[in-house]
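Participant: Have a look; sequence and predicted model below, questions after that.
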Amino acid sequence: MIRAFQRCAVAVFAPSPILTVTVENGPGGGEVHFHAGGQGFWVARLAASLGARVSLCVPLGGESGDVLRALLDVGGIEVLAVRIGGANAAYLHDRRSGERHSIVETESPGLGRHELDELYGVAATAGLASDVMLLTGPRHERVLPPETYARLAADLRANGRRVLADLSGEPLRAALRGGLDVLKLSVEELQAEGLAAGASLADVASAVRQLSRDGAECVVVSRGSEPAVAVVGGRLLEVAGPRFTEVDAHGAGDSMFAALGVGLAAGLEPEEALRLAIAAGALNVTRHGLGSGHLNEIERLLGQVRIDEVP
């Protein structure tokens, strides 16, 4: 399996990278940590840790963008950057008390017409050169027109590429219009979209079937510690992974999404890619750091993932 992952190529569309600065306890009263963040980067990092060759399509600008350029350049990730006039989003958090206190946060800039054209060109060509394209969302809907997702999904699928999305709001609805091979959502996002009244199997099953009819061939909904629900090839599935004490539940969905994309890019059948995704998400909650995890540990968890068809 490892060799198969090393042969696959994954493109990640990430319109809102963010520079994260945190102050934590350490020798002399405190330590300052600088990291790249944002959904797109966390997805790319996990995909690269699984062995895939990753192309990360991002807009970078301002001083925060200059710092981000260096932080995004980790092993296995090729940064395909478009220079923009605005400065990338950044935040400074103080966690010395054990709680997260926000000192300052800035927002992602909206992209101008020419900047958007450049980013679209970079993403479209990267997607065509890859086995799959993973679409991640903006931090707010003013970053770029939602219809960008419809165009990108439609163009890549028309040229024989698989497109996966982890989106919400207008970008989600636009991507569905373009057509998706796989849509990944959390149950909270499903409820926020008004697609499910609750988190029960019956509520989620009805919603995933509707999303499948709306333009997503496969739909996967994570439900925290409860089994995920998926529609794969018209079959309704419940997928349960091992349960661990949560160190940090944030990023488990991003790990699932990345692993799902890498599995499909490597040629796994959809159910086996789903098994890989659930194992990656389960491991993520045991770790500090979003979109983190190693292939060896994830592979060892595959036998602990149960897939049941729902009548």
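Facilitator: Noted; the coordinates are in hand.

Participant: burial of residue 256, as a residue count?
Facilitator: 29 (other CB atoms under 10 Å). For the C-beta atoms, the positions are set from N, CA and C on the backbone; glycine is no exception.

Participant: Kindly report the same for the one 3 residues further on.
Facilitator: Burial measure for residue 259: 31 neighbouring residues, criterion other CB under 10 Å.

Participant: how far away is the closest residue to it other than its chain neighbours from residue 220?
Facilitator: Spatial nearest neighbour of residue 259, chain neighbours left out: residue 280 (3.7 Å); criterion: CB to CB, 6 or more residues apart in numbering. From residue 280 across to residue 220, the span is 12 Å (CB to CB, to the nearest Å).

Participant: go on, residue 201?
Facilitator: 14 Å.

Participant: So which residues of this protein form strands?
Facilitator: 9-13, 18-24, 31-37, 53-60, 77-83, 89-94, 101-105, 132-136, 162-166, 180-186, 216-223, 226-232, 235-240, 306-309 (DSSP state E).

Participant: intersection of neighbour lists for residue 280 and residue 220?
Facilitator: residue 256 (CB atoms under 8 Å, 6 or more residues apart in numbering).

Participant: Specify which residue of these two has the higher count of neighbours.
Facilitator: Set residue 280 next to residue 220 and count neighbours by other CB under 10 Å: residue 280 wins out with 33 against 29.

Participant: how close does that one get to residue 204?
Facilitator: 20 Å.

Participant: number of nearby residues for the nearest residue to residue 238 once chain neighbours are set aside?
Facilitator: Nearest non-adjacent residue to residue 238, counting by CB to CB, 6+ apart: residue 227, 4.4 Å away. Residue 227: 20 surrounding residues under other CB under 10 Å.

Participant: My read is that residue 227 contacts residue 240, right?
Facilitator: Yes. If you go by CB atoms under 8 Å, residue 227 and residue 240 touch, sitting 3.9 Å apart.

Participant: tell me the contacts of residue 135?
Facilitator: Here residue 135 is in contact with 13, 149, 152, 153, 163, 164, 165, 166, 167, 171, 175 (criterion: CB under 8 Å, 6+ apart).

Participant: Can you add pLDDT and give these back as JSON lines?
Facilitator: Formatted as JSON lines, these follow (pLDDT from 0 to 100):
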{"residue": "13", "pLDDT": "98"}
{"residue": "149", "pLDDT": "98"}
{"residue": "152", "pLDDT": "98"}
{"residue": "153", "pLDDT": "98"}
{"residue": "163", "pLDDT": "98"}
{"residue": "164", "pLDDT": "98"}
{"residue": "165", "pLDDT": "98"}
{"residue": "166", "pLDDT": "97"}
{"residue": "167", "pLDDT": "96"}
{"residue": "171", "pLDDT": "97"}
{"residue": "175", "pLDDT": "98"}
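
Participant: Emit the PyMOL select command for whichever of these are buried.
Facilitator: The PyMOL selection below is limited to those of those classed as buried (16 or more other CB atoms under 10 Å):
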select buried, resi 13+149+152+153+163+164+165+166+167+171+175
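
Participant: can you put the contacts of residue 135 in TSV and add distance to residue 129?
Facilitator: Output for those, formatted as TSV (distance: CB to CB, whole Å):
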residue	distance to residue 129
13	14
149	19
152	14
153	17
163	14
164	16
165	19
166	21
167	22
171	23
175	21
